[in-house]
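[1] below are the sequence and a predicted model for it; my questions follow.
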2 protein chains.
Amino acid sequence: MRPIGGEIELKLTDFKVYFTDSGRSSIRLFLRSGDNRYKKYLLPNYFCEVIENIFVEEKITYSFYDVFEDLSIDEDYINTQEFDVLYVINYFGQYIALDNINLDNKILLEDNVFFYDFTNQNNAKQWYAFNSYRKISTLADGSLVKTNLTIDVDKILKEEASFTNEKYRAKAIKYSYINKNEFNEQEYLNKFSYAEELLDNQRDVYMISSKSLYLLSISSIDEEIRKKRFMKLKFLFSEFSILENVDNYSFFIMKILKRDTIKNKLMQSNIFLPVHWLKSTQDNELYNLVISVPLFENYNDDEFDYLINSLRDLLK
Amino acid sequence: MRPIGGEIELKLTDFKVYFTDSGRSSIRLFLRSGDNRYKKYLLPNYFCEVIENIFVEEKITYSFYDVFEDLSIDEDYINTQEFDVLYVINYFGQYIALDNINLDNKILLEDNVFFYDFTNQNNAKQWYAFNSYRKISTLADGSLVKTNLTIDVDKILKEEASFTNEKYRAKAIKYSYINKNEFNEQEYLNKFSYAEELLDNQRDVYMISSKSLYLLSISSIDEEIRKKRFMKLKFLFSEFSILENVDNYSFFIMKILKRDTIKNKLMQSNIFLPVHWLKSTQDNELYNLVISVPLFENYNDDEFDYLINSLRDLLK
């Protein structure tokens, strides 16, 4: 029997953690650390265009590899390329298997924006990974970085990003609109746009806000609800489904030929589904096909059923 | 039906949150803000002596009010006193009812070291409250501050306290000792003492460590297990019980006449129960009577039963 009482023991981890204001800032933090800006990067050709903007702004050398329609990646091509850093997006919460890729002396830069928490699944010797809480939770800002590399943490400014406060104010206005019939839709939409604009123009790396840290401390993910919803969607919409299962539930993604028509019709039913992603400089059929259904427990079962029924009607 | 999708709404709060490295630092942060150092404080005479040390070091004017054996406080006395700030400890996770105390134009300074999260139960117009995660979780450092007052947050140094890292190393050594039979007990005990010494000598207010923030983000409290354990202990040890119930479960506290004898005998069974608190400059019978039984789900049911049975044998 181990000792009971006293300070509680805790296993040592082989990675360090840092928090920044956003996924974008976490990418910049990596690019601005050590001599990373002089390295050669391989990026996936299915991604959020904001990533490429950052690489351009930071004057990084990069090229692309193919992502197939089943979200697997072109391993053979990658293995023939000369590069220093492999940028991998673990799409929609599923870790991509990298067993066939030679990562010797390479850095693995993992984009886990769909994950609440994540691990070094490939035991990469040189590993840098990050998420983005604001995409998958009520948090207005925040990104978790885990890495076994030396990072110039001084590059994280010791203050909160200005978009954060604006976004929390927009969220509060939306809350008052929904629950107290105060304000109007346009007011919170304008405020969200303004916050997004601030973020788009931001070049510095900030720390995560205290408010978001507090929300992190009191919130937890209900994996069971999310998994149940994922499975229900997979059963109902099997012909549109891409991923059999995922490691971290945030969205169920569907491949729909008339995606934009469906998306617009849903808006008439007060349902606003995100699209990951609309376009980039690269060609990939996925930009035209994919739509994402949120699984967040923040939506109650009635709301989720309403969403499902609306989708079913449109896809009949 | 509210809109589904898009940014998730969030209610505005009427308090701000901050994080420091420790409960002590959160007290210092308050005392060093605005003109708080010139105010008159009323402190409870049953408390951790570290608190008084801080008040002495910061050259604060303070006096004491009585805490009775049932952990209620001397309201009548408090109402006759002239003071600016009332320091209240919500003992062992129970909010003290302050309905009979006149808080007009007073500041309520709430010490919630036994709480994982807490609220402004008394709707105090001038409210500053804090906890201490390291007392009630696996975190090595960290304190949450909630307040509706203006605080000089610049007083929080933008770096991590040096005791934190030492404490995490001590926790790792204890982990290796328990799980891998590496190191020995003395090694982690020494390291814990050293970390505690660093904290005792620290005068600056630091931010909470990233590691602790990460642990906060992935851990959650199992209220159900804790409550069940609290009720079990209350049933088995009713004659020693002080509080009927609490608002936040971390410890079950008992009043035992031969407290020190029981505590020492438990140590022979590898059970190390904390004592809140051993002594201070003030007289209060509670210093000699109280012992605290942790309810943390970190201990499994077998370990908890072993603890209960050991206690029962000694209290027969």
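    That came through fine.
[2] which bits of the stretch 1-150 of chain A sit near chain B?
    By CB under 8 Å from any CB of the partner chain, the part of the stretch 1-150 of chain A that sits against chain B consists of A:1-12, A:16-19, A:117, A:137-138, A:140, A:144. Using the backbone N, CA and C atoms, a C-beta is placed for each residue, glycine as well.
[3] list buried residues within these.
    Among the residues of the stretch 1-150 of chain A next to chain B, those buried by neighbour count (16 or more other CB atoms under 10 Å in any protein chain shown) are A:3-10, A:16-19, A:137-138, A:140, A:144.
[4] now, these that are in helices?
    The helices, defined by DSSP state H, take in nothing from these.
[5] among the residues you listed, which pair sits farthest apart?
    The span of these, defined through CB to CB, is set by A:P3 and A:A140 at 42.3 Å.
[6] is it true that A:D247 touches A:F92?
    No. Using CB atoms under 8 Å, A:D247 makes no contact with A:F92, being 9.9 Å away.
[7] of the two, which one has the most company?
    The residue with more neighbours, out of A:D247 and A:F92 and counting by other CB atoms under 10 Å in any protein chain shown, is A:F92; that gives 22 against 15.
[8] let me know the pLDDT of the more buried one.
    pLDDT, the model's per-residue confidence, is 97 for A:F92.
[9] what is the neighbour count of A:N45?
    When neighbours are counted by other CB under 10 Å, A:N45 registers 18.
[10] from chain B, how far out is A:Y287?
    When distances are taken as CB to the nearest CB, to the nearest Å, A:Y287 and chain B turn out to be 19 Å apart.
[11] I should have written A:S220 there, sorry.
    Distance of A:S220 to chain B, given as CB to the nearest CB: 4 Å.
[12] do the same with A:E159
    Counting by CB to the nearest CB - A:E159 and chain B are separated by 9 Å.
[13] regarding that residue, what is its secondary structure?
    Three-state call for A:E159 (DSSP: H, G, I helix; E, B strand; the rest coil): strand.
[14] wait, A:N131 touches A:S143, no?
    Yes. At 6.0 Å, A:N131 and A:S143 qualify as touching, with contact defined as CB under 8 Å.
[15] what residues are shared contacts of those two?
    Listed as contacting both A:N131 and A:S143 by CB atoms under 8 Å, 6 or more residues apart in numbering or on different chains are A:G23.
[16] strands of the stretch 1-150 of chain A, start to end?
    For the stretch 1-150 of chain A, applying DSSP state E, counting those that start in this stretch gives strands covering A:4-5, A:16-20, A:40-44, A:61-65, A:85-89, A:107-111, A:127-130, A:143-147.
[17] which other helices and strands contact the fourth one?
    It stands for strand A:61-65. For strand A:61-65, the packing partners by 3 or more CB pairs under 8 Å, 6 or more residues apart in numbering or on different chains; DSSP states H and E come out as strand A:40-44.
[18] can you report how many residues lie near A:I27?
    25.
[19] so what's it up against?
    The contact partners of A:I27, taken as CB under 8 Å, 6+ apart, are A:I51, A:I54, A:D111, A:F130.
[20] if you set the cut-off to 6 Å instead, what comes out?
    Each residue near A:I27 by CB atoms under 6 Å, 6 or more residues apart in numbering or on different chains is listed here: A:I54.
[21] what's the pLDDT at it?
    So, for A:I27, pLDDT stands at 98.
[22] same question, A:M1
    A:M1 carries a pLDDT score of 80 in this model.
[23] list the contacts of it.
    With contact set as CB under 6 Å, 6+ apart, A:M1 has no partners.
[24] could you do the one 5 residues further on as well?
    Counting by CB under 6 Å, 6+ apart, A:G6 makes contact with B:F272.
[25] isn't A:G23 up against A:V145?
    No. The pair A:G23 and A:V145 fails to qualify as a contact (CB atoms under 6 Å) at a distance of 9.7 Å.
[26] shared neighbours of those two, anything?
    Overlap between the contact sets of A:G23 and A:V145, as judged by CB under 6 Å, 6+ apart, is given by A:F130.
[27] count the neighbours of A:R134 for me.
    Neighbouring residues of A:R134 were enumerated by other CB under 10 Å; the total is 23.
[28] what's the answer for A:I221, then?
    Under the criterion other CB under 10 Å, the count of neighbours that A:I221 has is 18.
[29] quick check: nearest residue in space to it, chain neighbours excluded?
    Distance criterion CB to CB, 6 or more residues apart in numbering or on different chains; nearest residue to A:I221, sequence neighbours excluded, is A:Y116 at 5.2 Å.
[30] for A:Q126, same thing?
    The shortest distance from A:Q126 to any non-neighbouring residue, by CB to CB, 6+ apart, is to A:I107 (4.3 Å).
[31] repeat that for A:I151.
    Closest residue to A:I151 apart from its sequence neighbours, by CB to CB, 6+ apart: A:S33 at 4.8 Å.
[32] the one you found and A:D152 touch, don't they?
    Yes. When contacts are counted by CB under 6 Å, A:S33 is listed as touching A:D152 (4.3 Å).
[33] please say which of these two ends up with more neighbours.
    The residue with more neighbours, out of A:S33 and A:D152, is A:S33; 18 against 13, by other CB under 10 Å.
[34] measure that one to A:I225 for me?
    As judged by CB to CB, to the nearest Å, A:S33 and A:I225 stand 38 Å apart.
[35] neighbours around the residue in the stretch 201-316 of chain A positioned nearest to chain B, how many?
    When distances are taken as CB to the nearest CB, the stretch 201-316 of chain A approaches chain B most closely through A:F272, which lies 3.5 Å from it. Other residues lying near A:F272 total 14 when counted by other CB under 10 Å.
[36] can you map out the helices along chain A?
    With DSSP H applied, chain A shows helices at A:23-31, A:49-57, A:75-80, A:133-136, A:162-180, A:185-201, A:210-218, A:223-236, A:259-268, A:286-289, A:301-315, listed in chain order.
[37] just say which of those is most tucked in.
    Of these, the one with the most neighbours on average (mean count of other CB atoms under 10 Å in any protein chain shown) is helix A:23-31, at a mean of 25.
[38] CA atoms only: put that one into PDB for me.
    Only the C-alpha atoms of helix A:23-31 are listed here, as PDB (Å, rounded to 0.1, in the frame of the first residue of the first chain):
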ATOM      1  CA  GLY A  23      -3.300  28.400 -32.700                       C
ATOM      2  CA  ARG A  24      -1.800  31.000 -34.900                       C
ATOM      3  CA  SER A  25       0.300  32.300 -32.100                       C
ATOM      4  CA  SER A  26       1.500  28.800 -31.300                       C
ATOM      5  CA  ILE A  27       2.600  28.400 -34.900                       C
ATOM      6  CA  ARG A  28       4.500  31.700 -34.800                       C
ATOM      7  CA  LEU A  29       6.000  30.800 -31.400                       C
ATOM      8  CA  PHE A  30       7.500  27.700 -33.100                       C
ATOM      9  CA  LEU A  31       8.700  29.500 -36.300                       C
END
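[39] quick check: angle from that helix to helix A:185-201?
    Counting by axes from the mean of the first three to the mean of the last three CA atoms, to 10 degrees, helix A:23-31 points 10 degrees away from the direction of helix A:185-201.
[40] that concludes my questions; thank you for your assistance.
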